[in-house]
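[1] Here is a sequence with its predicted model. Questions after.
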Amino acid sequence: MKITHLVIASTTLAASLAIPTLLGQTQSLAASTAPPPPAAPKGTCKTFGAGKCCSPDITMHLSKEAVFSACGESEATFLGEAASKDMFTCKYYFKVAGASSDENYVQVYMNPSKEVPDRPTDPFFSYRKVGKVWMTDRAKSPKAAAMSNATTGLYRAGKGYYVMVSASTKVCTKHEVVRLARSLK
């Protein structure tokens, strides 16, 4: 009878020790199915204001050099970059005569997603295709028209993510955004 109690006690002890281990393994399996966070920026960069360097996982989709080339900008007009707190957004800021520097940027946003629409689903704008990229074409309301005059949007679907770009028309004209669309990865 004592051996039976000993076996039951040791089995109960082993089971109670195994539960936290199993739960820990379950949590790590669940965490591994979530998209990985963007890589931490490496090296140094020119930051705007109190901003931080942008993640290479974001800048690989649209580099500042691609913006320089397509939009006619240069290091002389480049004020710096700023990453968002979630590290999924990067803004490249530029100097434009007679305008506030806070409004003159090209923003790149990358969203990891299981369900990636092949085209933008925006009720306020119509889009047209430029190569593999969708570009805002017209506003569908007067409020959206004001926004359309200030920025031009781009959308590109990838495998497991999509990238959106919002370019100030003071930095990159609508004609230049067509060239910028070709650089979007």
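    Now that the structure is in, tell me what you want to look at.
[2] okay, CA-based contacts and neighbour counts for the rest of this
    Will do.
[3] what are the ranges of the strands in the protein?
    Along the chain, counting by DSSP state E, strands occupy 78-83, 89-94, 105-112, 125-130, 133-139, 151-157, 161-168.
[4] any chance of the ones you listed in TSV, plus mean pLDDT, distance to residue 176 and mean neighbour count?
    TSV is the format used below for the strands of the chain (pLDDT from 0 to 100; distance: least, CA to CA, whole Å; neighbours: other CA atoms under 10 Å):
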stretch	mean pLDDT	distance to residue 176	mean neighbour count
strand 78-83	96	17	22
strand 89-94	97	15	25
strand 105-112	96	12	22
strand 125-130	96	12	16
strand 133-139	95	12	21
strand 151-157	96	10	23
strand 161-168	96	10	23
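[5] Any chance of JSON lines for those strands, columns distance to residue 47?
    Output for those, formatted as JSON lines (distance: least, CA to CA, whole Å):
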{"stretch": "strand 78-83", "distance to residue 47": "4"}
{"stretch": "strand 89-94", "distance to residue 47": "9"}
{"stretch": "strand 105-112", "distance to residue 47": "13"}
{"stretch": "strand 125-130", "distance to residue 47": "31"}
{"stretch": "strand 133-139", "distance to residue 47": "28"}
{"stretch": "strand 151-157", "distance to residue 47": "22"}
{"stretch": "strand 161-168", "distance to residue 47": "18"}
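[6] Which one of those lies nearest to residue 54?
    Relative to residue 54, the nearest member of those by CA to CA is strand 78-83, separated by 4.6 Å.
[7] Give me the residues contacting the closest one.
    Residues outside strand 78-83 that contact it (CA atoms under 8 Å, 6 or more residues apart in numbering): 45-55, 89-95.
[8] rerun that using 7 Å as the cut-off
    Strand 78-83 is contacted by residues 46-48, 51-54, 89-95 when judged by CA atoms under 7 Å, 6 or more residues apart in numbering.
[9] For these, name the two members farthest from one another.
    89 and 95 (20.0 Å).
[10] Please name the residues that touch residue 176.
    By CA under 7 Å, 6+ apart, the neighbours of residue 176 are 70-71.
[11] Quick check: it vs residue 124, distance?
    Per CA to CA, to the nearest Å, residue 176 is found 22 Å from residue 124.
[12] any idea how far the spatially most central residue of the chain lies from residue 60?
    Of all residues in the chain, the one closest to the mean position by CA atoms, centre = their mean is residue 110, 2.3 Å from it. Distance from residue 110 to residue 60, counting by CA to CA: 10 Å.
[13] Then residue 176?
    Going from residue 176 to residue 60 by CA to CA gives 20 Å.
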